[in-house]
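S.K.: Provide a 3D model corresponding to the input given below.
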Amino acid sequence: MTAPLVTILDDEAEIRSILTEVLQEAGFRTQSFARAREFEAALNHVTPDVCLVDLSLPDTDGLALVHRLALERGAAVIIISGRAQVQDRVTGLELGADDYITKPFDPAEVIARIRARIRSGRPALPAGNTARFAGWTAHFDRYALEDEAGRETPFSHAEGEVLRIFLESPKRLVSRAQMQEALGGAAGESFDRAMDVRISRLRTKLREDPKNPRLIKTIYGAGYIFLGDVSWS
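M.R.: Numbers count the residues shown, from 1 in each chain. Okay, the predicted model is just below:
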């Protein structure tokens, strides 16, 4: 089996060198980049399992890049940044990042977070990568929701992980703790806020009434229940 590929985007040569060394020692393949332009060009030819992205880049806005990666590429994205404020963490997660690590970092923690992302991003599906429910088709191979008229709406990797949890456990309570365990996130305010945002966006894409959603129901103090019948193919 081919080792997972981790791409590293950071303008600091020392950071790139440290991450490359520890990740290769841990059994990962790596590619590193100092500029976002080179990084995005490489994505036309390779599909990384995880992208490590610094926010302070010399040639682009790091947060905008994270959003593009999550929405357009369906990539698993871990931000590694010197920005330690809670709002930066929340914003990064809201824009589609899967995790957020602050500098200075412990290399062992980075490896553990990457392994958690790869495990959660490759769950055993009931059958295939396509799920049908309530007039919708979720295509997890290309990160798109298709309605009955054939119109498609893209969803991010992070949104897809949450949707898949619901579709694999229809009509069963899914607690916040279960979501945290499945997604490999760190407990706390930023994780809870990120879950709220992802679920809100999924409801919008499923054209749910925010005051009375018919598919993704909030059970206050307990978690969520997905009420649709689901078939996989």
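
S.K.: helices of the protein, start to end?
M.R.: Secondary structure of the chain (DSSP state H): helices at 13-25, 36-42, 62-68, 86-94, 107-121, 157-168, 176-183, 189-205.

S.K.: quick one: contacts of the third one?
M.R.: It stands for helix 62-68. 9, 36, 40, 53-57, 77, 79, 81, 91-92, 95-97 (Cβ atoms under 8 Å, 6 or more residues apart in numbering). C-beta: built from backbone N, CA, C; applies to glycine.

S.K.: in these, find the pair that's most separated.
M.R.: The largest separation in those, counting by Cβ to Cβ, is between Glu40 and Thr91 at 20.7 Å.

S.K.: more crowded one of these two?
M.R.: Using other Cβ atoms under 10 Å, the more surrounded residue of Glu40 and Thr91 is Thr91, with 20 against 16.

S.K.: contacting residues around the more buried one?
M.R.: Leu63.

S.K.: buried set for the worst-scoring helix or strand of the chain on mean pLDDT?
M.R.: Least confident element among the helices and strands of the chain, by mean pLDDT, DSSP states H and E: helix 86-94 (a mean of 76). Neighbour counts using 16 or more other Cβ atoms under 10 Å place 88-94 of helix 86-94 among the buried residues.

S.K.: out of those, flag the one nearest to Ser175.
M.R.: Leu93 (19.3 Å).

S.K.: any low-confidence regions in the chain?
M.R.: Applying pLDDT under 70 to the chain picks out residues 1, 71-75, 120-128, 184-190.

S.K.: and it, what are its domains?
M.R.: 5-121, 130-232 (automatic domain parsing).

S.K.: packed most tightly, which of those domains would that be?
M.R.: For the domains of the chain, the largest average neighbour count (mean count of other Cβ atoms under 10 Å) is found in domain 5-121, namely a mean of 18.

S.K.: tell me who's in contact with the one residue sitting closest to the centre of the chain.
M.R.: The centre of the chain sits closest to Ala158, judged by Cα atoms, centre = their mean, with a distance of 2.9 Å. Applying Cβ under 8 Å, 6+ apart, we find Ala158 in contact with 70, 93, 96-98, 194, 198.
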